[in-house]
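Q: Predicted model, plus sequence, below.
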There are 2 protein chains.
Amino acid sequence: MPELFTVAPPHLALQTLLDHLPREVHTETIATASALDRVLAESPIAAGPLPSFARSTMDGYAVRAADTFGATESLPAYLTVIGESPMGRAPTIELRSGQALIIHTGGMLPIGADAVVQIERTQTSTATEIEVMRAVAPGENVLQIGEDVKPGDQLLPIGHRLRPQDLGGLMAMGITRVVVAQRPRVGVLATGDEVIDPQADPQPGQVRDVNTDTISGIIDRAGGIPQSGGIIRDNFDALYAAAKRMIDQSEALVLSAGSSVSVRDMTSDVIEKLGKPGVLVHGVSIKPGKPTILAVCDGKPVFGLPGNPVSAMVVGDLFITPTLWHMQGCDRPPVQHTVKARLSHNIASVPGRVDYIQVKLIERDGEWWAEPVFGKSNLIYTLVKSDGMMIIPIDANGVQAGEIVDVKMF
Amino acid sequence: MPELFTVAPPHLALQTLLDHLPREVHTETIATASALDRVLAESPIAAGPLPSFARSTMDGYAVRAADTFGATESLPAYLTVIGESPMGRAPTIELRSGQALIIHTGGMLPIGADAVVQIERTQTSTATEIEVMRAVAPGENVLQIGEDVKPGDQLLPIGHRLRPQDLGGLMAMGITRVVVAQRPRVGVLATGDEVIDPQADPQPGQVRDVNTDTISGIIDRAGGIPQSGGIIRDNFDALYAAAKRMIDQSEALVLSAGSSVSVRDMTSDVIEKLGKPGVLVHGVSIKPGKPTILAVCDGKPVFGLPGNPVSAMVVGDLFITPTLWHMQGCDRPPVQHTVKARLSHNIASVPGRVDYIQVKLIERDGEWWAEPVFGKSNLIYTLVKSDGMMIIPIDANGVQAGEIVDVKMF
């Protein structure tokens, strides 16, 4: 078992993989309206100011602020109402000293006005006259030209993942198309003479394919496009042919490759043949997931996963997800929600290894408790029954019952 | 301003809305492979056991455990190797006392065997004989029939949102189609005489529509399907016609309706005319977002939003998002990632009102600081520049600089 001596700590394993990937991000131009959660590959620049005219933030009267100075409830300022600022058009009238113009939230200030008096601070004295009962300062209740955005502003940085308000912000500037990173297509191959299509009826000795859909879900959540290449027999030529076909039509490849030593060695040989530099890491100091293979073949990342679903989740979290965001140039990938909980059982761990423990969250006396879901990593339903994973860091000896731990929610 | 006296606390406002919605969830049957993040509307039941045969969890030898009792390195047990368990097929051979069968991870145990000895615990003594250097207990290194799932088990509960491993778990049982809640279609209408399509060039007094895409993003993230009905003039008949058309072809409706008093009143009248019981809440004790309207019209929720984007985000978080998950029957909607940070400035607040403060997270001396992004709620770029929102609860007077706060990340 030579890999015992070569297992890499997970952060170094990931860094090694990323260091061997090309820096270039594949881009495409798409409609801003469809760009939710996509990663910007070019930084949009403001062509003009926002707002492009001085707007009221209140219902009230556009005025000259100086006309209201000193106004109080007992000694109001009297102003003549000369009309109304129409919504969506520039007022045609110019405001002079002693005058007020009815204005609505979002309405444009007329020439001559520099502030808005809220309607609640006024009283109508005659049909064309109001009493202003509080002074306003110049600029009060007004959005100035360029107060939100100035011409030439970088609106959002490259590498930013677009959120709902970012779509609105781009639309506000008339930017209806954006240059974003392409979603990386990721080939997924399941292997194993015992693995059959989930549609089929298993004969004795056969099991349905669990990993293709689990891994596809992980890829989907990391912004990638999973592409299944089906189930491949444990045979070098068959696996190489399928791997070659899938990597040629994808930007990355995941081989869910079974846990037996012979299958792992075959997977490693297949990956070596796919391109240079080939296998970079064979064995990572994590549990479960130790026999993981990380490779780069002709600029594309390739992941060799132990064939069990729990390892797939761990390797997905540690390697596949950050690599896919990296390929999209994303500087701040989404973070999974994490819950603080009290651990229900002692958990032992070996220093020098990162342990992932599946847990269920139970509410007890108004507090969250993390209860480990024990089970062999070949059991998919230990994962289904879990709410999240607790991570024991590489230098820890274990965690005592009653300690507060972070649970990364699925 | 009669609404000053009727503003509802946000949790009561939401409960009132949900209480008036029909309990029934609209369902559809879809491929499990496409069901990521969908909510189960029927609970899948296990037709058979998983695994359906006793499987090895190791590479090694299938044995009778009793044959290994007392075996040690100095006094190994000698067993005759009678063949190999083929992957994906039942071994045709029956194991007798004193015999061992080569088996791989995932391989099926032969009749007569009840345990697996790891290959690392054996040595080959002759071509057909091995030395077993450690005893195994019955069942050791074996997944028993039904150890993962028993026939008749409820695999996942109704209301569960499907995660990557759940798709795998369903596939393992041959459940390739699932009954899930339909994604609610949500009509979105922007209103305002000053609002124009983002493609168009604004004239003085005009602004591009920001809210349609911001709200659509919120709907999308909550599992809904946004359907834009365009921009409607501030005119009762036009707004009513558009609202009627959109609600007829959707399961919910959002009106982004402008902040001026007259427009708010018109929106409320339009909603009243859409169906019974009509407006349930007009005014919520939140800032921003106070003039929010919550209604149910003929079984469909209707949201009247103040026309500014910051309010849209707050109302989205408090009302639209939980309502859409509720309509999908989801008992545990996804939770946004929350970061603990130290507040950089004193923030005042009025008791009796929930305040949402947009903040930027800054790392300073290895610690996160939450820096409020001040700005009028009409400014979309205060939202774009923010990383999340900090919520000041209804009974608080404010938060002091230096206090630790929770920031709900966008």
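A: That came in fine, so what should we check first? Numbers count the residues shown, from 1 in each chain, chains lettered A, B, ... in the order given.
Q: Leaving out the residues flanking it, which one is nearest to the residue in the stretch 51-200 of chain A that chain B sits nearest to?
A: Scanning the stretch 51-200 of chain A for the residue nearest chain B gives A:P164, at 2.7 Å (criterion: CB to the nearest CB). Where you see a C-beta, it was placed from the backbone N, CA and C, and this is true even at glycine. Distances taken as CB to CB, 6 or more residues apart in numbering or on different chains put B:G217 closest to A:P164, at 2.7 Å, once the chain neighbours are dropped.
Q: element containing the one you found?
A: Applying DSSP states H and E as the criterion places B:G217 in helix B:211-221.
Q: By neighbour count, which bits of the next helix-or-strand element following that helix are buried? Give me those.
A: The element immediately downstream of helix B:211-221 (helix or strand, assigned by DSSP H and E) is strand B:225-232. Neighbour counts over strand B:225-232 (16 or more other CB atoms under 10 Å in any protein chain shown) mark B:226-229, B:231-232 as buried.
Q: Just want the angle from strand B:225-232 to helix B:211-221.
A: 170 degrees (axes from the mean of the first three to the mean of the last three CA atoms, to 10 degrees).
Q: So which elements touch strand B:225-232?
A: In terms of contacts (3 or more CB pairs under 8 Å, 6 or more residues apart in numbering or on different chains; DSSP states H and E), strand B:225-232 is packed against strand B:185-191, helix B:211-221, helix B:236-248.
Q: List the neighbouring strands of that strand plus their orientation.
A: strand B:185-191 (parallel) (DSSP bridges).
Q: got the CA positions of the strand it pairs with in CSV?
A: What follows is strand B:185-191, C-alpha atoms only, in CSV (Å, rounded to 0.1, in the frame of the first residue of the first chain):
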residue,chain,number,x,y,z
ARG,B,185,-45.5,30.3,-11.0
VAL,B,186,-45.3,33.9,-9.7
GLY,B,187,-46.5,36.8,-11.8
VAL,B,188,-44.4,39.9,-11.4
LEU,B,189,-45.7,43.4,-12.3
ALA,B,190,-43.8,46.6,-12.1
THR,B,191,-45.8,49.8,-12.1
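Q: and the stretch 251-400 of chain A, which residues reach chain B?
A: A:258-263, A:307, A:309, A:312-313, A:316, A:334-338, A:375-376, A:378-384 (CB under 8 Å from any CB of the partner chain).
Q: buried subset of the residues you listed?
A: A:258-260, A:263, A:307, A:309, A:312-313, A:316, A:334, A:336-338, A:375-376, A:378-384.
Q: Quick check, central residue of chain A?
A: A:P334 (3.3 Å; CA atoms, centre = their mean).
Q: What helix or strand is it located in?
A: Judged by DSSP H and E, A:P334 forms part of no helix or strand.
Q: List the residues that contact it.
A: A:161, B:337 (CB atoms under 8 Å, 6 or more residues apart in numbering or on different chains).
Q: how much space between it and A:G223?
A: Applying CB to CB, to the nearest Å, the value for A:P334 to A:G223 is 9 Å.
Q: now the strands for the stretch 201-350 of chain A?
A: A:207-208, A:225-232, A:252-256, A:277-282, A:286-287, A:293-297, A:300-305, A:338-343, A:347-348 (DSSP state E, counting those that start in this stretch).
Q: Need those in JSON lines (columns: mean pLDDT and distance to A:D19).
A: Output for the strands of the stretch 201-350 of chain A, formatted as JSON lines (pLDDT from 0 to 100; distance: least, CB to CB, whole Å):
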{"stretch": "strand A:207-208", "mean pLDDT": "96", "distance to A:D19": "37"}
{"stretch": "strand A:225-232", "mean pLDDT": "97", "distance to A:D19": "25"}
{"stretch": "strand A:252-256", "mean pLDDT": "97", "distance to A:D19": "16"}
{"stretch": "strand A:277-282", "mean pLDDT": "96", "distance to A:D19": "9"}
{"stretch": "strand A:286-287", "mean pLDDT": "94", "distance to A:D19": "19"}
{"stretch": "strand A:293-297", "mean pLDDT": "97", "distance to A:D19": "9"}
{"stretch": "strand A:300-305", "mean pLDDT": "97", "distance to A:D19": "11"}
{"stretch": "strand A:338-343", "mean pLDDT": "93", "distance to A:D19": "28"}
{"stretch": "strand A:347-348", "mean pLDDT": "94", "distance to A:D19": "33"}
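Q: can I get those strands in TSV with distance to B:R364?
A: TSV is the format used below for these (distance: least, CB to CB, whole Å):
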stretch	distance to B:R364
strand A:207-208	52
strand A:225-232	39
strand A:252-256	37
strand A:277-282	35
strand A:286-287	32
strand A:293-297	35
strand A:300-305	35
strand A:338-343	22
strand A:347-348	34
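Q: Now for the residue of the stretch 51-200 of chain A closest to chain B: which residues touch it?
A: Counted by CB under 8 Å, 6+ apart, A:P164 has contacts A:36, B:213-218, B:220-221, B:313, B:316, B:410.
Q: Select only the buried ones of those residues in PyMOL?
A: Of those, the buried ones go into a single PyMOL selection, burial set by 16+ other CB under 10 Å:
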select buried, (chain A and resi 36) or (chain B and resi 213+214+215+216+217+218+220+221+313+316+410)
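Q: now what about the helix holding B:G217, what contacts it?
A: By CB under 8 Å, 6+ apart, helix B:211-221 touches A:32-33, A:36, A:163-165, A:167-168, A:170-171, B:186, B:188, B:190, B:198, B:225-226, B:228, B:231, B:254, B:256, B:305, B:307, B:309, B:312-313, B:316, B:320-321, B:324, B:380.
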